[in-house]
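Q: Here's my sequence, what's the structure:
(2 chains)
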There are 2 protein chains.
Amino acid sequence: MSDLSRCSLNSATVKHASLTEAVEAAATAGLGAVGLWRHQVQEHGAGTARKIVEDAGLRVSSLCRGGFLTAATPEGVAEAVADNRRAIEEAAGVGTRELVFVVGGLPGSSPEQPPAPGTDRDVVAARQRVADRLADLAPIAAEHDVRIVLEALHPMFAADRAVLSTLGQALDLAAPFDARTVGVVVDTYHVWWDPDLQASIARAGREGRIAGYQICDWNLPFASLALNSRGHVGDGYIDFATITRWVAEAGYDGDVETEIFNEEIWAADPLETARTVGARYAEHVLPHL
Amino acid sequence: MSDLSRCSLNSATVKHASLTEAVEAAATAGLGAVGLWRHQVQEHGAGTARKIVEDAGLRVSSLCRGGFLTAATPEGVAEAVADNRRAIEEAAGVGTRELVFVVGGLPGSSPEQPPAPGTDRDVVAARQRVADRLADLAPIAAEHDVRIVLEALHPMFAADRAVLSTLGQALDLAAPFDARTVGVVVDTYHVWWDPDLQASIARAGREGRIAGYQICDWNLPFASLALNSRGHVGDGYIDFATITRWVAEAGYDGDVETEIFNEEIWAADPLETARTVGARYAEHVLPHL
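A: Next comes the predicted model:
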C-alpha cells in the first residue's frame, strides 16, 4: 500500500460533489488532505467546514481562491481588497495557511467574448496593479497568519484570467514580501512548458516560497472549453517524474494537490475519482518525491 | 493614403487562394510584400513563384516553414536535415533570406489525440535536439545566404508543435550562430503575454536578430480548433501600440507580416481580407513603427 498521506484532492476535481461527499471520497481513498474552494466554506461557515474535514481525519491543504486584483477603478480596487480580506479570514477559519491567488486578467475581459469597445489592453499596467494590491493585502494576510499563494496560470489564460504567466514572474511579485506571507504554487498544468522551470523551481526553494504543488496533466486535443482540457496524471503530455524531482530537490515537503477541470471526470463517481487520484499519484509522483 | 510598403500578407491568411490570387490580392490592396508557404513554392517551382511575386511588384518577406527538429531516431534526424536543406534551397530560390522555423513538439505528439503508450515526454531533451539540429543546419543556411528564423510558438502548442515557447529561449538557441544565419521572429499572437517581452525584444535588437515581425490578434473565445483562434489586428486583446513600439525601438525596419489562422477569414474573399489587413496595419501598427 502506497503512502498517500501527502496526496490531496482538490474539491474542484469532484466539482459536483458536496463538501461532505468530497471529504468522504478523499478519506475513503486513503488520501491525507483536501483542497477547498471558498463557495463551499461560505456555504457551511469556516468552522463547520473545518470540522467536516478534521472529523474525517484529513487536513485542508489550501483554499482556492483569492485574487482578481487587476481592477483599475477606485471602486474595483476597494472591492478587491475587501473580498480578499474575507478570503484571508476564511482561510484562517478553515484551518489552512495557504490561500491560492489567481491574479485576474485584463479588466473587462472575458473568456466567452471578444473585447468590448474601449477594453484596456495594457497588460504591463495590469501587472503593476497586481503588485500594488499585494502590497495592500500582505499586511492583512500576515495579521491572520495566512500566506498569499501566487499561482502562475498558463499563458493561454493571460487575457481573461491571469496576467501572471510564469513561476519566475510570481517570484518577482513575491520578492518584496516575507516568504511566510507571500508564496507560490507550482501547478504542472500551467508551468510544464516553461524553459526556465527548473531554474525557477530551484529559486522558489532557495527563497522558501513553495507553498504548494498542484498536479494534473496536459491533455490533447483541447476540450471545447479549453480551460477544461486537464486530465488525470499520466493521461497527457507532462513529464511528472522530472518536475516532481525538481520540486523535491527544492525542498518541498508539503501536500501534493490534484486539481482537474474536466467535464468527463466531473461526471464520474467522486470516490472513483479520488481512488484514481491516489493511484496516479502513487504511480507517477510519489516515487520522485 | 497610408504607406503600406512594409505591410505583408502571409498567404496562410488567405489559405484557400492560389499563389497567383494571393499575390494579386496583396498587390491590389497596395501592400508591399507577401509571405509564402513551401507547398506553394513547390507547386510552381521556386523560380516561377518568385516571378509571380516580382511581376506583381511585390517582395517575398519570408518563407514558412522549416523546422520540426525534435526527432530522436537516426532516421528522423536525417529526414529533418534533408527536408530543411530543401527548404533552405527553396527560400533562396524564391528570393527571400528569411526562412521561418517551427521547431516541433514532443516526438510522436499530436494536437488531435492523447499521447500513445510510450510517448517521450522529455521536453528538456527535445529542446537539446533542436539545438543540435541547428548546428547541423546553420552551415547549410549560410552557404545559401538564407537565415533560419526561429519562431517561438505560444506555450499552448508546446506539446504538439514547438518546444520553443519564448523569445528569450529563441535568442538563447540562436546565440551560438552568426546573426545573419540564425534570427528570430516576433509574432504577437505567440509572445504578447510574456512578462519578459520588452526585455527580450530589446535584446533581439541589440543582437541583430530580429528577422521578422508577424502580427495577428488574440481572439476569445477560442475557436473549436484552438490553433485557429487568431483574428484581424484590433479584434482581440493584444496591445499592438506597445509591442510595435518595442519592435521599432529595437531597430527593426523590415516587413510586418499579417498571418492569421481563422476559418471565417479563410472563407472571406482574398481581396477583402488583404484590404482589411492593410487597413488594420495602417490603424494599429504603422503609427507606432
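
Q: Just list the residues touching the residue most central in space within chain A, thanks.
A: Closest residue to the average C-alpha location of chain A: residue A:100 at 5.0 Å, with Cα atoms, centre = their mean. Residues near residue A:100 by Cβ atoms under 8 Å, 6 or more residues apart in numbering or on different chains: A:62, A:63, A:64, A:65, A:66, A:67, A:149, A:151, A:185, A:212. C-beta: built from backbone N, CA, C; applies to glycine.

Q: Tabulate these (CSV), appending pLDDT.
A: Formatted as CSV, these follow (pLDDT from 0 to 100):
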residue, pLDDT
A:62, 98
A:63, 98
A:64, 98
A:65, 96
A:66, 97
A:67, 97
A:149, 98
A:151, 98
A:185, 98
A:212, 98
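
Q: from those, which is closest to chain B?
A: Among the contacts of residue A:100, residue A:151 lies closest to chain B (Cβ to the nearest Cβ), at 14.6 Å.

Q: Please name the residues that touch the closest one.
A: When the contact criterion is Cβ under 8 Å, 6+ apart, the partners of residue A:151 are A:65, A:67, A:100-103, A:162, A:164, A:170, A:184-185, A:187, A:190, A:214.

Q: So the one residue in the stretch 1-150 of chain A that gets nearest to chain B versus residue A:102, what's the distance?
A: Proximity of the stretch 1-150 of chain A to chain B (Cβ to the nearest Cβ) peaks at residue A:121, 4.0 Å away. Look at residue A:121 and residue A:102: by Cβ to Cβ, to the nearest Å, they are 20 Å apart.

Q: Same question for residue A:220.
A: Distance, residue A:220 to residue A:102, using Cβ to Cβ: 23 Å.

Q: Likewise for residue A:122?
A: Taken as Cβ to Cβ, the span from residue A:122 to residue A:102 is 19 Å.

Q: residues from the stretch 1-150 of chain A in reach of chain B?
A: By Cβ under 8 Å from any Cβ of the partner chain, the residues of the stretch 1-150 of chain A that approach chain B are A:106, A:109-115, A:119, A:121-124, A:127.

Q: State the pair within those residues that is farthest apart.
A: Greatest spatial distance in the residues of the stretch 1-150 of chain A next to chain B: A:112 and A:124, 24.8 Å, computed using Cβ to Cβ.

Q: higher neighbour count, the two?
A: With neighbours defined as other Cβ atoms under 10 Å in any protein chain shown, residue A:112 and residue A:124 compare such that residue A:124 has more, 12 against 9.

Q: The more buried one contacts residue B:241, doesn't it?
A: No. Here residue A:124 lies out of contact with residue B:241, judged by Cβ atoms under 8 Å, at a distance of 11.6 Å.

Q: Pull out the buried positions in stretch A:57-75.
A: Going by neighbour count (16 or more other Cβ atoms under 10 Å in any protein chain shown), the buried part of stretch A:57-75 is A:58-71.

Q: More neighbours: which of residue A:220 and residue A:102?
A: Taking neighbours as other Cβ under 10 Å, residue A:220 and residue A:102 compare with residue A:220 leading, 22 against 19.

Q: Please name the residues that touch the more buried one.
A: Residue A:220 makes contact with A:229, A:236, A:237, B:109, B:110, B:111, B:112, B:113, B:114, B:115, B:159, B:160, according to Cβ under 8 Å, 6+ apart.

Q: correct me, but residue A:277 touches residue A:12?
A: No. Counting by Cβ under 8 Å, residue A:277 stays clear of residue A:12, with 12.0 Å between them.

Q: so how far is residue B:190 from residue A:206?
A: On the measure of Cβ to Cβ, residue A:206 and residue B:190 end up 31 Å apart.

Q: Looking at the two, which has the bigger crowd around it?
A: residue B:190 (25 against 12).

Q: Roughly how far does the closest residue in space to that one that isn't next to it in sequence sit from residue B:193?
A: Once flanking residues are discounted, residue B:190 sits nearest to residue B:154: 4.4 Å by Cβ to Cβ, 6 or more residues apart in numbering or on different chains. Plainly put, residue B:154 is 8 Å away from residue B:193 if you go by Cβ to Cβ.

Q: what do the two both touch?
A: Counting by Cβ under 8 Å, 6+ apart, the contacts common to residue B:154 and residue B:193 are residue A:155.

Q: Enumerate the positions of stretch A:9-22 that are buried.
A: For stretch A:9-22, a neighbour-count test (16+ other Cβ under 10 Å) marks A:9, A:10, A:11, A:12, A:13, A:14, A:15, A:17, A:19, A:22 as buried.

Q: Mind checking which of the residues you listed are in helices?
A: Mapping the buried residues of stretch A:9-22 onto helices (DSSP state H) picks out A:19, A:22.

Q: In the buried residues of stretch A:9-22, find the pair that's most separated.
A: Farthest pair in the buried residues of stretch A:9-22, by Cβ to Cβ: A:13 and A:19, 13.4 Å.

Q: list the contacts for residue A:130?
A: A:69, A:70, A:103, A:104, A:163, A:164, A:173 are the contacts of residue A:130 under Cβ under 8 Å, 6+ apart.

Q: try 7 Å this time
A: Residues near residue A:130 by Cβ atoms under 7 Å, 6 or more residues apart in numbering or on different chains: A:69, A:70, A:103, A:163, A:164, A:173.

Q: Look at the fifth one and tell me its secondary structure.
A: The three-state label given to residue A:164 by DSSP: H, G, I helix; E, B strand; the rest coil is coil.

Q: what's the burial count for it?
A: Using other Cβ under 10 Å, residue A:164 has 30 neighbouring residues.

Q: Could you tell me what pLDDT the model assigned to it?
A: For residue A:164, the model assigns a pLDDT of 98.

Q: OK, contacts around the nearest residue to residue A:254 once chain neighbours are set aside?
A: Leaving aside its chain neighbours, residue A:254 sits nearest to residue A:212 (6.6 Å; criterion: Cβ to Cβ, 6+ apart). With contact taken as Cβ under 7 Å, 6+ apart, residue A:212 is in contact with A:62, A:98, A:100, A:149, A:185, A:254, A:257.

Q: Using a markdown table, please lay out the contacts of residue A:151 together with secondary structure.
A: Below are these laid out as a markdown table (three-state DSSP):
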| residue | secondary structure |
| --- | --- |
| A:65 | strand |
| A:67 | strand |
| A:100 | strand |
| A:101 | strand |
| A:102 | strand |
| A:103 | coil |
| A:162 | strand |
| A:164 | coil |
| A:170 | helix |
| A:184 | strand |
| A:185 | strand |
| A:187 | strand |
| A:190 | helix |
| A:214 | strand |
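
Q: could those go into a markdown table alongside distance to residue A:26?
A: Formatted as a markdown table, the contacts of residue A:151 follow (distance: Cβ to Cβ, whole Å):
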| residue | distance to residue A:26 |
| --- | --- |
| A:65 | 19 |
| A:67 | 25 |
| A:100 | 18 |
| A:101 | 24 |
| A:102 | 23 |
| A:103 | 28 |
| A:162 | 27 |
| A:164 | 29 |
| A:170 | 27 |
| A:184 | 24 |
| A:185 | 19 |
| A:187 | 19 |
| A:190 | 23 |
| A:214 | 15 |
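
Q: Wait, residue A:257 touches residue A:62, no?
A: Yes. If you go by Cβ atoms under 7 Å, residue A:257 and residue A:62 touch, sitting 6.4 Å apart.
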